[in-house]
Structure formats: C-alpha cells, structure tokens
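S.K.: okay, here's the prediction I keep looking at, along with the sequence it came from:
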2 protein chains.
Amino acid sequence: MIGRLNHIAIAVPDLDAAAAKYRDQLGARIGMQQPLPEHGVTVVFIDTGNTKVELLEPLGEGSPIAAFLEKNPGGGMHHVCFEVADLAAAIARLQQAGARVLGDGRPRTGAHGNPVVFLHPRDFDGTLIELEETGS
Amino acid sequence: MIGRLNHIAIAVPDLDAAAAKYRDQLGARIGMQQPLPEHGVTVVFIDTGNTKVELLEPLGEGSPIAAFLEKNPGGGMHHVCFEVADLAAAIARLQQAGARVLGDGRPRTGAHGNPVVFLHPRDFDGTLIELEETGS
C-alpha cells in the first residue's frame, strides 16, 4: 500500500534561520520560501535527490503546527508523508483495522495539490503520518 | 554536502506490534527483526523504494534510545539520516560554523557498517541529524 516516502516535515520557529543552517552548514539544496496561507504554513523545500525535507513555519492564525511549536518551542520533526496510489482504499483498510484518520476522515487537498489525510499519532507509535495520493 | 536521505528512525516501545501495524494496516514491505547489540537496538527496516524507515526498540542496558522512550513512552520520530560523501569534511564545516557533533566529535561505526556522527538537536531545530559516509 504505502509507496515512496514523499517527505518529512520539520516544524521550526524561525524559517529563515533554519533554511540558512541547512544551506550553509549542511550544504543542502534549498528552495525559495513559499507561503501557503490556506495551509497555515510557510514552507522551504530541501531536495535530497531521493525525497524531500520540508521546513515549516506557522503562518497566520490557527496554524496546524502552532500547538506543536508551543509544546516544542525549539522545533522538531512534525510528520512523515508516504505516497499511496488509492487513498480511498487506504482509508478503508486503515479504518477497518481501527486506525483513526484525523478530522472528518475524508481527504482534503494537501500542500502539493493532491488529496491527503493524516493518521492519529497514537495509532502509530507517536508518529504523525500523512498519506498523499500521488496518482502514480 | 548532504546527499540522499538514507533513513528516518522511529523509536517504538513494542517492535513486534509496530512492525505488524506497518505491514498489516499500511501495507509496507517490512524486513526481519535485526538485533544490533553493539548499538543497543533491535531494528526492523521498511523499504519505501526511495529510502528506508527504521523502527527501533531498545536492546540491553544503556540503549541510546532509552532516554527518548522514557520521555516519549508511546514512541516517536527519533532521528533523520543524510548521506555525505566525505564525513571528515562535513564535520570540519559544521564545527567551523559552531554546530556540535555529539560524543567526542569523531565518527564511529553506525548500524550499517559505515562511519557516522550525530549532530546536536538544539543546533538543528530540535531534530537529531545523523550523517553517514556511504562512500558513494
């Protein structure tokens, strides 16, 4: 079912500073800052060749990462995203097994324009898992 | 400098249960349990095609993930590992920029038999970063 690891997301308190560290100290290829107001974050993508790291900073009111940063003011690994070919089938299989899909259980449009859901971290060892239907 | 994302590691309190969830609920391709007593963990690899997820359970006394699981009894994302071609050069660049290499600052042999170092999570937004010299 799950395919490629699409990205890992790291919530950071200061996106400029975080991106500069990845660029200057780790020599990473970083992209431009992209404000995504409809998702409540500003993001910088890091291309590692085989996958991506996303640095996320809260944007606006009610950012989905605000509570995480209140609990972890220095930042931290926020979630991991796996690709799936058929999100509806994935949701059905997970819910049948008792795993909880966050929100109303229906896909919404994620930051890359594809349908996504998030799974409850308590059902997966404290790890917030995003599933993204990539259509591949 | 940093190249491919080699793996992300998730610390779990019950490796059997965690691996079964990834296999049965997420349909992941999981490997056999591998006890690595010299690293204080038992590991299950999940091959995502482009990279790996490592599920880690403490093994023996003084496991390097014991303190993390005491703080996060339900488990959680523990570290992310990036590949580098020249670890000595990477360490020099990082230390020049003021980043802290854990331990005595020298590479040790990691779980895959390659030289590795870990960077202080406070220097990278609460993220524990492993650098692995893959010789590629």
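M.R.: Here it is on my side, so go on.
S.K.: where does chain A have low pLDDT?
M.R.: In the predicted model, chain A carries pLDDT under 70 at residues A:136.
S.K.: longest strand in it, please.
M.R.: strand A:76-84 (DSSP state E).
S.K.: mind listing what's buried along the helix or strand just after that strand?
M.R.: Scanning forward in sequence from strand A:76-84 by DSSP states H and E, the next helix or strand is helix A:87-96. For helix A:87-96, the neighbour count (16 or more other Cβ atoms under 10 Å in any protein chain shown) marks A:87, A:90-91, A:93-94 as buried. All C-beta atoms are positioned from the backbone trio N, CA, C, and that covers glycine.
S.K.: which of those lies closest to chain B?
M.R.: The closest of the buried residues of helix A:87-96 to chain B turns out to be residue A:94 (Cβ to the nearest Cβ; 5.5 Å).
S.K.: now for the nearest residue to the closest one once chain neighbours are set aside: which residues touch it?
M.R.: Leaving aside its sequence neighbours, residue A:94 sits nearest to residue B:25 (Cβ to Cβ, 6 or more residues apart in numbering or on different chains; 5.5 Å). Contacts for residue B:25 (Cβ atoms under 8 Å, 6 or more residues apart in numbering or on different chains) come out as A:93-94, A:97, A:99.
S.K.: against residue A:65, how distant is residue B:25?
M.R.: From residue B:25 over to residue A:65 the distance is 25 Å, taken as Cβ to Cβ, to the nearest Å.
S.K.: gap between the residue nearest to residue A:94 and residue A:69?
M.R.: Distance from residue B:25 to residue A:69, by Cβ to Cβ: 29 Å.
S.K.: ditto for residue A:76
M.R.: Counting by Cβ to Cβ, the separation of residue A:76 from residue A:69 is 9 Å.
S.K.: what is in contact with these two at once?
M.R.: Here residue A:76 and residue A:69 have residue A:11 as joint contacts, going by Cβ under 8 Å, 6+ apart.
S.K.: thank you kindly, that will do.
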